[in-house]
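*Asks:* Okay, predicted coordinates and the sequence, questions at the end:
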Amino acid sequence: MKPENFYDFAEYSKIYAFKNIPFSKVVNIRFTQNIFEVEYKTEYDAEYQKISIKNCLKRLGRKRVAKPKEVFPQPKILKKAPEISASKRDALCSMMSVMNQQDKEFYKTLLKIK
């Protein structure tokens, strides 16, 4: 992976209801033909759960939030890598030898390891 493969979805998390998806428990996620629906599994042998990501919020504090669009716009590329604590970085580096190639490439790019 290259640094330009990392996108900033923070803006969309304010517009769409991604908070309804328990990402820390998700093992598989897929988008449907309907842009406002996402299906996910929390266990590999479980059925997909369908959820709407169309946000009901009209305001975020005092600031108005844009309404969801019919077309999901291209997210911006992250300008700088997310910060990772030294202990987490060390833990990830120690696991590199047992990771599959895709995961290695992801973490090497994320951690900027040569």
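*Replies:* Ah, there it is.
*Asks:* Do you have the strands of the protein handy? List them.
*Replies:* 7-8, 28-31, 37-41, 49-52, 59-60, 63-64, 76-77 (DSSP state E).
*Asks:* Just give me the lowest mean pLDDT stretch among these.
*Replies:* Among those, strand 59-60 has the lowest mean pLDDT, at a mean of 48.
*Asks:* how close does N20 get to V38?
*Replies:* 9 Å (Cβ to Cβ, to the nearest Å). From N, CA and C alone the C-beta is placed, and that goes for glycine too.
*Asks:* quick one, which of the strands of the chain is packed in tightest?
*Replies:* strand 37-41 (a mean of 17; mean count of other Cβ atoms under 10 Å).
*Asks:* quick revisit: mind giving me a markdown table with the strands of the chain and columns for distance to C93?
*Replies:* Shown next, in a markdown table, are the strands of the chain (distance: least, Cβ to Cβ, whole Å):
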| stretch | distance to C93 |
| --- | --- |
| strand 7-8 | 24 |
| strand 28-31 | 27 |
| strand 37-41 | 29 |
| strand 49-52 | 34 |
| strand 59-60 | 37 |
| strand 63-64 | 40 |
| strand 76-77 | 25 |
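*Asks:* Would you mind saying which of those lies nearest M99?
*Replies:* The closest of these to M99 is strand 28-31. By Cβ to Cβ, the value is 18.6 Å.
*Asks:* Run through who's touching that closest one.
*Replies:* With contacts defined as Cβ atoms under 8 Å, 6 or more residues apart in numbering, strand 28-31 is touched by I21, E37, V38, E39, Y40, K41, Y44, Y48.
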